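Colleague: I need the structure of the sequence given here:
(2 chains)
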Amino acid sequence: MREEFYKTLSSPIWWGTLAIAAIMPFVLSSYYVHILTLALVYVALASSWNIVGGMAGQISLAHSLFIGIGSMFSAALLLKLGINMWLGLVISAVISGILGAVIAWIDFRFQLGHLSFVLITLAFAEMGSIVVEGWDFLGGASGLLLPKDTGNFLAFQFGGGHGAFWMMLGLAAICVLVNVAILNSPLGYYLRTIRDNEKAAQAIGVNILRYKITAMVISAMLASVVGTAYVRYLTFADPYLLISPVITIEIVLFATVGGLGRAYGPALGALLLVPLGEILRGKLGSTLPGLHYFIYGIVVISVILVTPRGLLPLFERLWARWRGPAVAGKS
Amino acid sequence: MTMTRRTFGLGASAVLAGPIAAPFIRGAGAAEPTIRIGMVNSMSGGLAAYAQEGQPAFEYIIKKINAEGGIKSKGGAKIELVLADDTSQPARTAAEARRLITEEKVQLLTGTILSAQMLALTPVVDEAKIPTLSVWAGGSQSNYMFTLGYPYDRGYAQTMHDFVISLRDDFKFPIKTAVMAYSNYEAGQQSNKFLVEKLKASGIQIIGEAALDIRAQDQTAAMVRIRSLKPDVVVGLVTPRDGILLHQARYNLNYHGSIFCGGTGGYSDLSLWKDLGPEIGKAVLTRNLFGMTGFSAGAKIESMQKIVTELRDVAKLDKIGQGAVQYAQAARVLQQVLENAKSLQSEALLDALKNVNIPAGDPNLYIAKPKGLQFAEDRLLKDGSAMFIQWTPEQDQQVVFPKEFAQVPPRPKS
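Modeller: Numbers count the residues shown, from 1 in each chain, chains lettered A, B, ... in the order given. Model (predicted):
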């Protein structure tokens, strides 16, 4: 694990990409910086989901719950109890981790099949949504408006557009690195074994409960942290966005289109599809309402038809063909 | 020609590449000097009904202003609308506004902008210092955001309270108890808070709540609760969808023991008859029910009746309800802002917005405001009041409140 991980960490391509990304706010208008920031939010979320959904093969729809806790709960702690958002971030992440562990335990204890797991996690997400919309402390259906971002780092403020972009860039990079680390560690091998054949994994002595819980806890905590950062960027904690199962569907879509179970697949999916969706809406939204959704849908269907395993494997194949034999990526 | 994966992939890549390359491709600028107004509407998604009805009316008024010589104080400058669709999602309202400001260089913003969208938009308009007129928000959190929507407190809650008290005191309806039945979403919750306080202060006993789940497929449970509590009046802000389900449940349970007072769409929208059907409509809408609305074709307001006729006969619009009139009003407000502003700079436009004044009786005042249209210090309408109507079996509305616009007294309880 360490060798692969440190190879990535010392890669000039990795650092060069980050450096180019970091200067984007000086090159692009605030609209395109916003789109990139949004893409980075989804890079981080899709990468965090990939640990459970891609590597362990557990299609969790509960991630809106973790994002919702990270965003709505930390915002409420700040606005209702005056708790600093850094501390709110930690508290929310711990609660999300505990909930993630409970969900993973339920999955193991009751030997849920794939479909049952999907439905159970969806039920958790729906319950979270109902609780938030009906509880005044969390803003109810009206949501919560955070104080203006004046750039006070100690108060979890990053100074608006550029600062938020860099913060999300850092967070997205961390989430991708966590994927790289897990994928190349024993945990990653165990998770893939569980995904491919759970009974065989158990038979050879893989501690299913332990690794499922570990994956879910890491994934839930990361999603929660991204949720806190996202709500700080948005300023408005909107329950219909942040704790809606729709956000999980989007994450699953980006991860699937990019390449499920790959370290960089979900990031690629988000980096292509988020700007595509946003720009299509901007260009076509006023021409014929809904047209952008239609084109977006056609693109997604096309990608899935052309390369069912995602875009990253396709790019790897094309790269290998161009460069000669190459080592295929882990998935 | 057969479609292979490769050709399919090439096509998809082309579609992908175009929008992604967009920021790096500069378009040719327009040569003609115009005033650009950005309009972020919810043309798709769950809130599309507002803008699909309102945008054509808004565009009609803008075309009319341009045809009549544009903004005269600005040398006859024409207004150019730059449209955007936020798909009814607040975060996208903010994103589209950002695009209109930075890419399209608009000087003013307007659009559906309901309360949640207003909150999401607040940091963007604050940062860009762009004067903005919301058609429907119930509040404002930015110095640059003004709204024509009903304030939750002195709009929705005050009007509903005043009508209930008027029924009790002026028309001697026996009203001592109330159940709060409201759509359980942002505007419903907010207006309910204020309404409960006001009703209690006026001596009405609140004996229960029936919050309507906005995702429910049926409101029978809420109606059963109302029937079990049997209040004198059922009151609250209800969306059209919840209204339809509530009235259906009321019909199925054949419940007529309370007076139903509420707003706006769930009680007053013209589409209720279509969705409920004439039989259910006649049974429940015309009996013990009063609806709050900002617009009614029958109201004794000459300018309102004129604009309805014009939108129907000249603009040839199919759907003319509260949405169309509200958007038409927004266009007239923006016209006055542009005429009165000393320049097209942000601060000058902001000053003009603060000082908007369309007095009662003005032909450009389309909505029911006995004291005219002005903005208060909080950037909400000074006069946030609305009207109450009752339905007739012929599917028409009769204004019953306030007395300035009333056509008939409220129908007695039956």
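Colleague: tell me the contacts of the residue of the stretch 151-300 of chain B found nearest chain A?
Modeller: Sorted by distance to chain A under CB to the nearest CB, the residues of the stretch 151-300 of chain B start with B:Glu186, at 4.1 Å. C-beta: built from backbone N, CA, C; applies to glycine. B:Glu186 makes contact with A:Gly140, A:Ala141, A:Ser142, A:Gly143, B:Ser115, B:Ala116 under the criterion CB atoms under 8 Å, 6 or more residues apart in numbering or on different chains.
Colleague: can we see that at 6 Å?
Modeller: For B:Glu186, the contact set (CB atoms under 6 Å, 6 or more residues apart in numbering or on different chains) comprises A:Ala141, A:Ser142, B:Ser115, B:Ala116.
Colleague: need the pLDDT of the last one.
Modeller: If I follow you right, that is B:Ala116. Confidence at B:Ala116, expressed as pLDDT, is 88.
Colleague: and B:Glu59, how many residues sit next to it?
Modeller: 17 (other CB atoms under 10 Å in any protein chain shown).
Colleague: with adjacent residues omitted, what lies nearest to it?
Modeller: Counting by CB to CB, 6 or more residues apart in numbering or on different chains, B:Glu59 lies nearest to B:Leu81, which is 6.6 Å off, once chain neighbours are set aside.
Colleague: ok, A:Ala104 next?
Modeller: Using CB to CB, 6+ apart and skipping residues adjacent in sequence, the residue nearest A:Ala104 is A:Met216, 4.0 Å away.
Colleague: so the one you found makes contact with A:Val102?
Modeller: No. Using CB atoms under 6 Å as the test, A:Met216 is too far from A:Val102 to be in contact (9.1 Å).
Colleague: more crowded one of the two?
Modeller: A:Met216 (28 against 14).
Colleague: can you pull the contacts of that one?
Modeller: Counting by CB under 6 Å, 6+ apart, A:Met216 makes contact with A:Val52, A:Gly100, A:Ala104.
Colleague: what residues are up against the first one?
Modeller: Shown here is A:Val52, whose contacts under the criterion CB under 6 Å, 6+ apart are A:Gln58, A:Ser60, A:Ala215, A:Met216, A:Ser219.
Colleague: gap between the second one and chain B?
Modeller: In other words, A:Ser60. Distance of A:Ser60 to chain B, computed by CB to the nearest CB, to the nearest Å: 22 Å.
Colleague: going along the chain, name the strands of the stretch 201-331 of chain A.
Modeller: Along the stretch 201-331 of chain A, the segments classed as strands by DSSP state E, counting those that start in this stretch run A:236-237.
Colleague: quick check: residues of it near chain B?
Modeller: Residues of the stretch 201-331 of chain A lying near chain B by CB under 6 Å from any CB of the partner chain: A:235-236, A:238, A:241, A:275-276, A:279-280, A:282, A:285-286, A:289-290, A:299, A:302, A:306.
Colleague: state the number of residues packed around A:Met72.
Modeller: 29.
Colleague: show me the contacts for it.
Modeller: Contacts of A:Met72 (CB under 6 Å, 6+ apart): A:Val132, A:Leu138, A:Ala237.
Colleague: make a markdown table out of these and add pLDDT and distance to B:Gly149.
Modeller: Listed next are the contacts of A:Met72 as a markdown table, based on pLDDT from 0 to 100; distance: CB to CB, whole Å:
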| residue | pLDDT | distance to B:Gly149 |
| --- | --- | --- |
| A:Val132 | 90 | 24 |
| A:Leu138 | 92 | 24 |
| A:Ala237 | 93 | 21 |
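Colleague: residues near the nearest residue to B:Asp213 once chain neighbours are set aside, how many?
Modeller: Among residues not flanking B:Asp213 along the chain, B:Asn184 sits closest, at 5.8 Å (CB to CB, 6+ apart). A count of nearby residues for B:Asn184, using other CB under 10 Å, gives 24.
Colleague: identify each buried residue in the helix or strand hosting B:Pro56, please.
Modeller: For B:Pro56, the host element (DSSP states H and E) is helix B:48-67. Neighbour-count burial for helix B:48-67 flags B:48-62, B:65-66 (criterion: 16 or more other CB atoms under 10 Å in any protein chain shown).
Colleague: quick one: that helix to chain centroid distance?
Modeller: Mean-position distance between helix B:48-67 and its chain equals 14 Å (CA atoms, centre = their mean, to the nearest Å).
Colleague: what score does the spatially closest residue to A:Leu314 that is not a sequence neighbour have for pLDDT?
Modeller: Once flanking residues are discounted, A:Leu314 sits nearest to A:Thr307: 3.9 Å by CB to CB, 6+ apart. pLDDT, A:Thr307: 86.
Colleague: surely A:Ala220 touches A:Ile95?
Modeller: No. Using CB under 6 Å, A:Ala220 is not in contact with A:Ile95; the gap is 9.2 Å.
Colleague: restricted to helices, list the residues of the stretch 201-331 of chain A next to chain B.
Modeller: Among those, the members found in helices (DSSP state H) are A:Leu241, A:Pro275, A:Leu276, A:Ile279, A:Leu280, A:Gly282, A:Val299, A:Ser302, A:Val306.
Colleague: please, which helix or strand holds B:Gly262?
Modeller: Applying DSSP H and E, one finds B:Gly262 within strand B:259-263.
Colleague: direction included, what does that strand pair against?
Modeller: Here strand B:259-263 has these sheet partners by DSSP bridges: strand B:233-237 (parallel), strand B:289-293 (parallel).
Colleague: appreciated, that's everything.
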